[in-house]
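Asks: can't give you the sequence, but here's the structure:
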DNA sequence: CTGGTGGCC
DNA sequence: GGCCACCAG
């Protein structure tokens, strides 16, 4: 066998071997998520879906949600905000549509009309500006919750902008947002859409090496206080909502991170 | 960025 | 009922 032939075989082995190992490593990162009777395979770096207390998880291209029929809104909306998603595009805002993927029937936007409350996005339109389709997909009524305008355009908006800042700084974050749907809540519209008294947002950064998370809990009204004043532990959000976050993580890591209200690893 | 509303067709 | 033009924080 000539040296040239040996070299060719060696090269082929290295290329094929690298390809196989790469496939194996990617496979190791994947997990099975069973939701709504459907089994989907996702990458853990892309998907940290919480549990559903309502039994109705809906997947869209740009985000997933758990719909609470009694409250006529999502108990959580979850999505990854990648650095590459950030965009300055300026799309025209479409009209809200009923989410036909919600089998129990999502609320009509008319419930919000003249109610005194904003149709507050849970997955913000500003986080899905990488395409017109992704942007427009956030205008489903399964993705909104009644919010006072001063809150929505105020501190909630500031938190969303800070989230985009972190997505850029930390090369992507995974985001879960929602209202706290507990107790006797005021309702609006014929379909009695519940008006949450508190809203939460939970973030995890699993991309910059050392996993870190942070949680925010806010009352329904605007505030001039700095955002870090609203930091709480993920455990607190879990106790309030009954939702289990980040169960994909190793239990020891999950327990430690979720008990912490420390925000020193997050740059404000 | 976050949104709403009056009024015309 | 859908849509445009305009307005607010």
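Replies: Ah, there it is. Please read these numbers as outputs of a predicted model, since none were measured by experiment. Numbers count the residues shown, from 1 in each chain, chains lettered A, B, ... in the order given.
Asks: Would you tell me which residues of the stretch 101-250 of chain A are close to DNA strand B?
Replies: Neighbours of DNA strand B within the stretch 101-250 of chain A, by CB under 7 Å from any atom of the strand: A:112-114, A:116, A:118-121, A:124-127, A:129, A:144, A:147, A:149, A:152-153, A:157, A:160. Backbone N, C-alpha and C define where each C-beta goes, glycine included.
Asks: if you set the cut-off to 6 Å instead, what comes out?
Replies: Proximity of the stretch 101-250 of chain A to DNA strand B (CB under 6 Å from any atom of the strand) is limited to residues A:112-114, A:118-121, A:124-126, A:129, A:149, A:152-153, A:157, A:160.
Asks: Show me which of these are buried.
Replies: A:112, A:118, A:119, A:120, A:121, A:124, A:125, A:126, A:129, A:152, A:160 (16 or more other CB atoms under 10 Å).
Asks: Please, which helix or strand holds the third one?
Replies: Read it as residue A:119. Following DSSP states H and E, one finds residue A:119 within strand A:118-121.
Asks: my guess is residue A:68 meets residue A:55, correct?
Replies: No - using CB atoms under 8 Å, residue A:68 makes no contact with residue A:55, being 9.9 Å away.
Asks: the domain parsing of chain A - what is it?
Replies: A:1-37, A:38-259 (automatic domain parsing).
Asks: Which stretch among those domains is buried most, on average?
Replies: Neighbour counts (mean count of other CB atoms under 10 Å) averaged over each of these peak at domain A:38-259, with a mean of 18.
Asks: How much space separates the residue in the stretch 151-268 of chain A positioned nearest to DNA strand B from residue A:124?
Replies: Nearest to DNA strand B in the stretch 151-268 of chain A, going by CB to the nearest atom of the strand, is residue A:153, at a distance of 3.5 Å. Applying CB to CB, to the nearest Å, the value for residue A:153 to residue A:124 is 12 Å.
Asks: Could you do residue A:134 as well?
Replies: 12 Å.
Asks: in which helix or strand would I find residue A:165?
Replies: Using DSSP H and E, the element containing residue A:165 is helix A:155-169.
Asks: The helix or strand that comes right after that helix pairs with which strands?
Replies: As assigned by DSSP H and E, the chain's next helix or strand after helix A:155-169 is strand A:173-179. Sheet partners assigned to strand A:173-179 using DSSP bridges are listed as strand A:73-81 (antiparallel), strand A:198-205 (antiparallel).
Asks: can you list those strands in CSV and add distance to DNA strand C and mean pLDDT?
Replies: Formatted as CSV, those follow (distance: least, CB to the nearest atom of the strand, whole Å; pLDDT from 0 to 100):
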stretch, distance to DNA strand C, mean pLDDT
strand A:73-81, 19, 97
strand A:198-205, 17, 98
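Asks: could you dump the ones you listed to a markdown table with distance to residue A:214?
Replies: A markdown table is the format used below for those (distance: least, CB to CB, whole Å):
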| stretch | distance to residue A:214 |
| --- | --- |
| strand A:73-81 | 14 |
| strand A:198-205 | 5 |
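Asks: mind checking which of these is nearest residue A:106?
Replies: strand A:73-81 (8.5 Å; CB to CB).
Asks: anything in that closest one near DNA strand B?
Replies: No - figure legend: strand A:73-81 not in contact with DNA strand B (CB under 6 Å from any atom of the strand); closest approach 11.5 Å.
Asks: between that strand and helix A:155-169, how big is the angle?
Replies: Interaxial angle of strand A:73-81 relative to helix A:155-169 (axes from the mean of the first three to the mean of the last three CA atoms, to 10 degrees): 30 degrees.
Asks: thinking again about what came up before, let me know the average pLDDT across the helix holding residue A:165.
Replies: Average pLDDT, helix A:155-169: 97.
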